[in-house]
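> Build the 3D model from these lines:
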Amino acid sequence: MVVALLSLELHVAEARSLKDKRMVLRAVKDRLKKHNVAVAELEHQELWQRAGLGVVTIAATEALAERELTAVVDDIERAEPGVVSRQEIEFLA
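Below you'll find the model as predicted:
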């Protein structure tokens, strides 16, 4: 069993308020419900155009976990092009 963490840094350029940013993040989180992941906003809650998300999955192998998290990034990029400014995958177990 492998636990994998995807750390994402998002830049929401069109956000003019925290409410605007929350609408984009809610849409991203709703879109990710079809994946086998848990999502939480972990950083930059007080900033309008920046967000730090943590996405976690559990899989039988590292390859499966990485494939799932890569699909998450691809899905976000399809829905909100250019919003992902940084990504990092860590394997925890």
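> for the helix-or-strand element of the chain with minimal mean pLDDT, which positions count as buried?
One helix or strand of the chain scores below all others by mean pLDDT, DSSP states H and E: helix 18-31, with a mean of 92. Applying a neighbour-count criterion of 16 or more other C-beta atoms under 10 Å, the buried positions in helix 18-31 are K21, V24, L25, V28, R31. For every residue, glycine as well, the C-beta is placed using N, CA and C.
> Can I get these in a markdown table including distance to Q49?
Below are the buried residues of helix 18-31 laid out as a markdown table (distance: C-beta to C-beta, whole Å):
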| residue | distance to Q49 |
| --- | --- |
| K21 | 7 |
| V24 | 10 |
| L25 | 12 |
| V28 | 14 |
| R31 | 20 |
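> which of those residues lies closest to L47?
Relative to L47, the closest of the buried residues of helix 18-31 is K21; by C-beta to C-beta it sits at 7.8 Å.
> now that closest one, nearest residue through space, not along the chain?
Excluding the flanking residues, the one nearest K21 by C-beta to C-beta, 6 or more residues apart in numbering is A15, at 4.2 Å.
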